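Colleague: give me a 3D structure for the following:
(2 chains)
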Amino acid sequence: MASVSTNQFKQGLKFILDGDPCNILENELVKPGKGQAFNRVKFRNLKTGRVNERTFKSGDSVESADVMEIELEYSYTDGEFWYFMDPETFEQHAADATAIEDCKKWLKEQYVYTVTQWNGSPLLVTAPNFVNLTVTDTDPGLKGDTAGTGGKPATLETGAVVRVPLFMNIGELLRIDTRSGEYVERAKV
Amino acid sequence: MDVNWQPSSEVETLKRRAQYIADVRLFFAERGVWEAETPILSQAAPTAPYLDSFTTDYIPIGSQSKQRHYLQTSPEFAMKRLLAAGSGSIYQIARVFRNGEQSKKHSPEFTMLEWYRPELTLFQLIDEVNALLQNVFKFEPIVRLSYRSVFEFFFKINVLTCSDADIKHCALGRINSLADDFETDRDGWLELLMSYAIEPKLAALNLPLFIYDFPASQAQLAKIKLDQQGNAVADRFELYINGVELANGYKELLDADELRQRFESDNQQRKEQGKAEVQIDENLLAAMQSGLPECSGVAIGLDRLLMLALEKSAINQVNSFSFEHS
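Modeller: Numbering: from 1, shown residues only, chains lettered A, B, ... in the order given. The predicted model follows:
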């Protein structure tokens, strides 16, 4: 495995820490006057998604991680794996439950997802910022209320539950911001 | 090459910088301290294990022979030769160079304000730094604390007498980003505690803080003395403003033999770390042998001081051009 020295640390560098692939978010040199130099690194653990900090002695090396991000189209699930397809080569990639955990409620066929691959297999699937999803269940609409105060819960076709204005009905297509999990507007068809 | 011809600082900031530097010169002129100029290139360099000089080669015209020279990391050695020659009080505003050091608060090339006062004790020199900070840069009056009392206040340990294991335990307990198997030496642990656990707290204190009486192992080129409790300490100080390390002052070591020993022990450490040994400055040692007057000296990172005075968050914002676009 290739190793990478602290002097090559920069934002976006992928490396292995305690067996997990990590992505550097910030790298800061800590160097008191004539004292030892350290690298203070803020990173995201790509397996758990957690952000953490680690201090290295400047000049130390870590193992580099063979991590790539590719854009794949979601196809279907057999309950055990979720299958994504490369739209150009039609190659199928199977992601397990852990990889799709965060975006499971935004998975819809034919949408393109960012798949982070580690050693060739999907590690993490990230939803696009916006998806359009149909309301499958919600309390009946209240015609009079258009101010959008309060709102009500609505279940979407993927199983996700979001707060929507009171006038929304079953069958309507909504634009959802997957980062905040919030309803944005009625989708334009 | 990443092209960007624009200055890294606003032109208005650079004009204010120029005014501050003119005021610094006036401050010293009024005190009878004269402005010395010394070579930037030297055949020798400091040996400090964690201070790396840039090197370059002098090649006489028509010759193939290369003569190694170092770019100064501070004008200290040459200024001490002037002091030994009877210069009296001198100051210098010099560009200095430190290889490998780059961050928001570090630039591989920066400006140092350094001065030496044969008449002053270390505490009198601290008072003079305080006068400069207040009169020229309009900072609040200073606070002085011993290194021991700072560590006692924050961590309830006596840093001069406790064991290496106690310091390691304290650092691993306070600094979450250290792996459990992290290893370094006593000074390494102390520096980590200072950088990670103390400096952020000092940032909240809006006053210039002088920390004095450092552990003897961090004496550098300062004298070693006994403190009030009878512990050996380095007779030096550091200045922090808003958690930024700004200045390093010494009651200067005068003993040439002891300095040679420190240089050699530094070079030994460099060797153990796989670093190149540094040519010891025999001219400095000869000057000290002939007699360096009792004196106190201080070096201030002028760019960092300007960064704080002009309320900028990065050293590049007070320099005309950053190292990346030099």
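Colleague: chain B contacts on chain A?
Modeller: When proximity is defined by Cβ under 8 Å from any Cβ of the partner chain, chain A lies next to chain B at A:7, A:28-38, A:40-41, A:52-55, A:57-58. For the C-beta atoms, the positions are set from N, CA and C on the backbone; glycine is no exception.
Colleague: return a selection command, for use in ChimeraX, containing the buried ones of these.
Modeller: Command for ChimeraX, covering only those of the residues of chain A next to chain B found buried under the criterion 16 or more other Cβ atoms under 10 Å in any protein chain shown:
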select /A:28,29,30,31,32,33,34,35,36,37,38,40,41,53,54,55,58
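Colleague: so residue A:135 makes contact with residue A:167?
Modeller: No: applying Cβ atoms under 8 Å as the test, residue A:135 and residue A:167 come out as separate, 11.7 Å apart.
Colleague: tell me which of the two has more neighbours.
Modeller: The residue with more neighbours, out of residue A:135 and residue A:167 and counting by other Cβ atoms under 10 Å in any protein chain shown, is residue A:135; that gives 19 against 16.
Colleague: where do the strands of chain B begin and end?
Modeller: B:34-35, B:41-42, B:55-58, B:67-71, B:90-97, B:109-117, B:143-146, B:209-215, B:224-226, B:232-241, B:244-251, B:296-301 (DSSP state E).
Colleague: got the confidence number for the residue of chain A most remote from its centre?
Modeller: Distance from the C-alpha centroid of chain A peaks at residue A:34, with 42.3 Å (Cα atoms, centre = their mean). The confidence metric pLDDT takes the value 86 at residue A:34.
Colleague: OK, contacts around it?
Modeller: B:48, B:50, B:51, B:220, B:248 (Cβ atoms under 8 Å, 6 or more residues apart in numbering or on different chains).
Colleague: mind running it again at 6 Å?
Modeller: Contact analysis of residue A:34 by Cβ atoms under 6 Å, 6 or more residues apart in numbering or on different chains lists B:48, B:50, B:51, B:220.
Colleague: export the residues you listed to TSV and tack on neighbour count, distance to residue B:131 and pLDDT?
Modeller: What follows is those, written out as TSV (neighbours: other Cβ atoms under 10 Å in any protein chain shown; distance: Cβ to Cβ, whole Å; pLDDT from 0 to 100):
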residue	neighbour count	distance to residue B:131	pLDDT
B:48	20	29	94
B:50	22	32	92
B:51	21	29	94
B:220	18	25	91
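Colleague: report the two of these separated the most.
Modeller: Comparing all pairs in the contacts of residue A:34 by Cβ to Cβ, the longest separation belongs to B:50 and B:220, at 11.0 Å.
Colleague: check what pLDDT residue A:148 gets.
Modeller: We note a pLDDT of 52 for residue A:148 in this prediction.
Colleague: setting aside sequence neighbours, what's the nearest residue to residue 21?
Modeller: All of this is about chain A. residue A:65 (4.0 Å; Cβ to Cβ, 6 or more residues apart in numbering or on different chains).
Colleague: hm, I was asking about chain B
Modeller: Counting by Cβ to Cβ, 6+ apart, the nearest residue to residue B:21 once its immediate chain neighbours are dropped is residue B:93, at 6.6 Å.
Colleague: the residue nearest to residue B:3 when sequence neighbours are not counted: neighbour count?
Modeller: Leaving aside its chain neighbours, residue B:3 sits nearest to residue B:325 (8.0 Å; criterion: Cβ to Cβ, 6+ apart). Residue B:325 is surrounded by 14 other residues when neighbours are defined as other Cβ under 10 Å.
Colleague: before we move on, back to that, in strands only, show me the residues of chain A next to chain B.
Modeller: Secondary structure of the residues of chain A next to chain B is defined by DSSP E; positions in strands are A:28, A:29, A:30, A:38, A:40, A:41, A:52, A:53, A:54, A:55, A:57.
Colleague: check whether the residue nearest to residue B:21 really touches residue B:113, as I assumed.
Modeller: Yes: counting by Cβ atoms under 6 Å, residue B:93 sits close enough to residue B:113 to count as a contact (5.4 Å).
Colleague: what residues does chain B have near chain A?
Modeller: Where proximity means Cβ under 6 Å from any Cβ of the partner chain, the interface of chain B facing chain A comprises B:48, B:50, B:51, B:101, B:103, B:177, B:178, B:188, B:191, B:195, B:220, B:248.
Colleague: among those residues, which one sits closest to residue B:89?
Modeller: The shortest separation between residue B:89 and any of these is 18.4 Å, and it belongs to residue B:248 (by Cβ to Cβ).
Colleague: so who does that closest one touch?
Modeller: Residues in contact with residue B:248 (Cβ under 6 Å, 6+ apart) are A:33, B:238, B:299.
Colleague: residues in a beta bridge with the second one, which ones?
Modeller: According to DSSP bridges, residue B:211, residue B:248 are recorded as the beta-bridge partners of residue B:238.
Colleague: how close does the spatially most central residue of chain A get to chain B?
Modeller: The geometric centre of chain A, computed from its C-alpha atoms, lies nearest to residue A:126 (Cα atoms, centre = their mean), at 3.0 Å. Using Cβ to the nearest Cβ, to the nearest Å, one obtains 26 Å as the distance from residue A:126 to chain B.
Colleague: could I get the pLDDT score of that residue?
Modeller: For residue A:126, the model assigns a pLDDT of 90.
Colleague: again, but for residue A:17
Modeller: According to the model's per-residue confidence, residue A:17 sits at a pLDDT of 94.
Colleague: that one: neighbouring residues, count only.
Modeller: Counted with other Cβ under 10 Å, the neighbours of residue A:17 add up to 17.
Colleague: what's the residue farthest from the centre of chain A sitting at in phi/psi?
Modeller: Taking degrees, to the nearest 10, you get phi -100, psi 10 for the backbone angles of residue A:34.
Colleague: quick one: which of the contacts of residue A:34 is nearest residue B:128?
Modeller: For residue B:128, the nearest member of these is residue B:220. The distance, counting by Cβ to Cβ, is 20.3 Å.
Colleague: re earlier: thinking the residue nearest to the centre of chain A is in contact with residue A:115, fair?
Modeller: No: taking contacts as Cβ under 6 Å, residue A:126 lies outside contact range of residue A:115: 7.8 Å.
Colleague: returning to what we had before: is the residue nearest to the centre of chain A bridged to anything, and to what?
Modeller: With DSSP bridges as the criterion, residue A:126 is bridged to residue A:114.
Colleague: for the stretch 201-326 of chain B, which residue gets nearest to chain A?
Modeller: Residue nearest to chain A within the stretch 201-326 of chain B (Cβ to the nearest Cβ): residue B:248, separated by 5.5 Å.
Colleague: quick one: buried residues of stretch A:108-117?
Modeller: Along stretch A:108-117, these residues count as buried under the neighbour rule (16+ other Cβ under 10 Å): A:108, A:111, A:113, A:115, A:116, A:117.
Colleague: for residue 23, which non-adjacent residue is spatially closest?
Modeller: In the absence of a named chain, chain A is used. Closest residue to residue A:23 apart from its sequence neighbours, by Cβ to Cβ, 6+ apart: residue A:44 at 4.9 Å.
Colleague: my bad, the chain I had in mind was chain B
Modeller: What sits nearest to residue B:23 in space, not counting adjacent residues and going by Cβ to Cβ, 6+ apart, is residue B:136, at 4.7 Å.
Colleague: the one you found - how many residues pack around it?
Modeller: For residue B:136, the tally of surrounding residues (other Cβ under 10 Å) stands at 18.
Colleague: where's it relative to chain A, distance?
Modeller: According to Cβ to the nearest Cβ, residue B:136 stands 22 Å off from chain A.
Colleague: and if you look at residue B:80?
Modeller: Taking Cβ to the nearest Cβ as the measure, residue B:80 falls 17 Å from chain A.
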